[in-house]
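>>> got a predicted structure here, sequence first:
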Amino acid sequence: MKLRICHLYPRELNIYADRGNIAVFRQRTGWRGIDCEVVEAGLDEAIDPDAHDLFYLGGGQDRDQALVAPDLVATKSDALHRAADSGAVVLAVCGGYQLAGHGYKATDSSALPGIGLIDADTVAGSDRLIGDLAIEVELDGELQRVVGYENHAGRTRLGPDVQPFGKVLAGAGNDSESGYEGAMRDRVIGTYLHGPLLPKNPWLADRLISWALQRRTGRVPELEPLADELEAKARQVAIGRAGRRSG
Amino acid sequence: MALSTMPSMRRLAYGIARAAGVASRRLGRGGGTSVPGAVLLRLRPNAIAELAGGLQDGAACISATNGKTTTARLLAECLEQDGTKVLANTAGANLGSGITTVLLARTDERFGLFEIDEAALPALADALRPRVIVLMNLFRDQLDRYGELETIADLWGNLVRDLPTETALVVNADDPGLAELGFGDREVLWFGVEDTRHALEDVPHAADARRCRRCGSGVVYDAPLLGHLGHWRCESCDLARARPVVAASRVDLDGVHGQDIVITTPHGEVRSRLALPGLHNAYNATAATAAAIALGIEPQVISPALSATAPAFGRAERVRLEAQDMLILLAKNPAGVNQNVRTLLLEDGPLDVMIGLNDRTADGQDVSWIWDVDYEPLIPRLRSLTLTGDRAYDLGLRFRYAGAADELIHTQPNLPLALDRATREAASGGTLFALPSYTAMLDLRQELVRRGVATEFWRDG
């Protein structure tokens, strides 16, 4: 069994410590004796939709987002659509979430193209939505709180072909109005949660690992439980912070 | 001038502001490093320019993500040894309110030396009209507060374009993020590090400014030196590192103890034994030297001044504890902490380390930056690791996912208890290395004062 990850644009899209999410995939497979392979794909590099079961797209600064957006459309969009349609996991965080949607419109009305993997539009707001964020997520019938930090100017509105990733418990989320955070279709997840996202949400990390392995083997793998005491404590602190932000 | 027509109003405003500072101290609301200035700026928004007019020999401003405080100390020492009495915001209050407070307390000082917050620099430089502005570096720091680095660089670009020609600009040639700010034909006193023996094998993974500011192509390095600082050039256009006029030509690092440095300048060589460790301090010393040269100070004055400069508050500050020494290395952003780690790795033998992380306003509330730090090389060298502060558990996760054994990771959010644990674990007669974020450093120092060891602070100088 091997978890096969494609890390998209690690050089350009890494502003909110995205590598922490990759470290979580590596360690949580490693601790269970499962192999993990991470292939990086940068600008101009084509990707094979069948060679990886989990695609990770992080967030970048404005200039890097502008550099990545057209490249994503030109060299990776088709492959990502094919992968997503055949059950691959795609995790897109912050700027990556925006580019996975239909695109991003800045305040000066310049625009970045997206790949439409997620039916969502993002328009820049006048201020940034910043702070700890806690949401409630339901995956495979299981309800869990997911926690992290958000820092984005974009306001994201979801179209009819996509579900929100979660319901905001405390914080702003997609647009600070809808009460929703992130977006989801099949096994594609877009979210504004960083911090990074996965170290404090091991339940979500294991779910993504399980989905990715399932795509390869055709059956749900048994992931043995890990001693996540530190994770639980760090989660509690962050949930407390998020609660204080809204009240 | 409007103020001369209203001298009594002006005096009244200044009087109220000073009284507010006294009240603040009496109420135990801190040392009053910002309160009088904040009050005065509300009463007289133009107060900084008014007060700065009293600095007959002018002013210098230093801004950077990393190194402001230490560089200001080094330059202050140069000025003092040159016979200039210096007014400086040494308490690190580097926004308008802090600088106004310092100006309000001026007695007979004729020169002002100010370290200034990156985002606050344009407005303050406009009011202070300094003779010299030192632009040192821009690294990722406090993303929740500043947004993105390019925003700051653009702000600095506007400042540079509007600057009077008589203001000398001292700029780090090794930071590609500071090239093309809009210098035009303006003369820039570039400084940098020439000693490529300290080159890294590669640029750290989350380095900033990897795109050319002129054409957007990639920046490549002949010698990456510190984060994204180094000997760089654009891979497609002709933008490249300017040849530094003031350059650290030889840097011999001596672990956590300090370094020997040779800095070439147009007026001769500066040779110093710094009590400040690490390549980041070589940059600070070179920046201070360049600023001193711009102010007309001679190398023979600069050399002993740099050697005589003691570490600043919490920056490689050494404290004697009961059974060992503690070396406090401020750890506030990835570039700074990577330098700390690099410096610790120069030490022999196993290391005892305590790391503190808070998420208060002055630290940055988004703690995701710890995932950009390369702690990994430190792990095999650790004898004990104590993690503390409001976000101790986040640090715990950082080390857990870096591959540290669970037995090594000790988390204790309560600082006094963490300090007890760390000193108990640390080797007797050795050194306990403390790497606190900004407010964790203030908490740590306060705890050391409470324990009565603060009076025994001693310094390498």
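Done, it's in. Numbering: from 1, shown residues only, chains lettered A, B, ... in the order given.
>>> remind me which residues of chain A are low pLDDT?
In the predicted model, chain A carries pLDDT under 70 at residues A:246-247.
>>> remind me which helix or strand residue 154 belongs to.
Chain wasn't specified; assuming chain A. If you go by DSSP states H and E, residue A:154 is part of strand A:142-158.
>>> oops, wrong one, chain B.
Here residue B:154, judged by DSSP H and E, is contained in helix B:149-162.
>>> and the helix or strand following that helix, what does it pack against?
Using DSSP H and E, the helix or strand that follows helix B:149-162 in sequence is strand B:168-172. Here strand B:168-172 touches strand B:132-135, strand B:188-193, helix B:279-294, going by 3 or more Cβ pairs under 8 Å, 6 or more residues apart in numbering or on different chains; DSSP states H and E. To be clear about C-beta, it is placed using only N, CA and C from the backbone, and glycine gets the same treatment.
>>> would you confirm that residue B:209 contacts residue B:216?
No - counting by Cβ atoms under 8 Å, residue B:209 sits too far from residue B:216 to count as a contact (12.0 Å).
>>> pick out whichever of those two has more residues nearby.
Using other Cβ atoms under 10 Å in any protein chain shown as the criterion, residue B:209 and residue B:216 rank with residue B:209 on top: 25 against 14.
>>> show me what contacts that one?
The contact partners of residue B:209, by Cβ atoms under 8 Å, 6 or more residues apart in numbering or on different chains, come to B:138, B:149, B:175-177, B:219, B:228.
>>> flag whichever of those scores worst on pLDDT.
Checking pLDDT across the contacts of residue B:209, the minimum falls on residue B:149 at 77.
>>> what residues of the one helix or strand residue B:16 maps to count as buried?
Mapping residue B:16 onto the secondary structure by DSSP H and E places it in helix B:7-26. Neighbour counts using 16 or more other Cβ atoms under 10 Å in any protein chain shown place B:10, B:13-14, B:17-18, B:20-21, B:24 of helix B:7-26 among the buried residues.
>>> gap between it and the chain center?
Offset of helix B:7-26 from its chain centre (Cα atoms, centre = their mean, to the nearest Å): 31 Å.
>>> any idea which helix or strand comes after it?
helix B:35-43.
>>> would you mind writing the CA trace of the helix or strand just after that next one as PDB?
Following helix B:35-43 in sequence order, the next helix or strand is helix B:47-52 (DSSP H and E). Provided in PDB are the C-alpha atoms of helix B:47-52 (Å, rounded to 0.1, in the frame of the first residue of the first chain):
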ATOM      1  CA  ALA B  47       4.000  66.700  16.700                       C
ATOM      2  CA  ILE B  48       6.700  64.400  15.200                       C
ATOM      3  CA  ALA B  49       7.800  66.900  12.600                       C
ATOM      4  CA  GLU B  50       7.700  69.700  15.200                       C
ATOM      5  CA  LEU B  51       9.800  67.800  17.800                       C
ATOM      6  CA  ALA B  52      12.200  66.400  15.200                       C
END
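>>> quick check: mean pLDDT of helix B:47-52?
90.
>>> which residues touch it?
Outside helix B:47-52, the residues that touch it by Cβ under 8 Å, 6+ apart are B:3, B:10, B:13, B:37, B:40-41, B:44, B:59, B:96, B:99-100, B:103-104, B:106, B:112, B:124, B:127-129.
>>> rewinding a little: which ones among the contacts of residue B:209 map onto helices?
Mapping the contacts of residue B:209 onto helices (DSSP state H) picks out residue B:149.
>>> one step back: what's in contact with the helix holding residue B:154?
Against helix B:149-162 from outside (Cβ under 8 Å, 6+ apart): A:61-63, B:63, B:118-119, B:121-122, B:125-126, B:133, B:135, B:138-140, B:146, B:169, B:177-178, B:181-184, B:186, B:208-209, B:213.
>>> now the buried members of these.
Buried among the contacts of helix B:149-162 (16+ other Cβ under 10 Å): A:61-63, B:63, B:118-119, B:121-122, B:125, B:133, B:135, B:138-140, B:146, B:169, B:177-178, B:181, B:183, B:208-209, B:213.
>>> narrow those to those in strands?
B:63, B:133, B:135, B:169 (DSSP state E).
>>> I'd say the last one and residue B:188 touch.
Yes - counting by Cβ under 8 Å, residue B:188 is a contact partner of residue B:169 at 5.0 Å.
>>> get me the contact residues on chain B for chain A.
Contact residues (Cβ under 8 Å from any Cβ of the partner chain) of chain B with chain A: B:140, B:143-144, B:147-150, B:205-206, B:210-211, B:216, B:359, B:365-372, B:390-391, B:393-394, B:396-398, B:400-403, B:406, B:409, B:411.
>>> and the nearest residue to residue B:236 once chain neighbours are set aside, what does it touch?
Distances taken as Cβ to Cβ, 6 or more residues apart in numbering or on different chains place residue B:217 nearest to residue B:236, at 4.0 Å, with adjacent residues excluded. With contact set as Cβ under 8 Å, 6+ apart, residue B:217 has these partners: B:211, B:234-237.
>>> likewise for residue A:239?
A:134, A:145, A:147.
>>> buried residues in the longest helix along chain A?
Criterion DSSP H: the longest helix present in chain A is helix A:229-246. Buried residues in helix A:229-246, defined by neighbour count with 16+ other Cβ under 10 Å: A:230-231, A:233-235, A:237-239, A:241-242, A:245.
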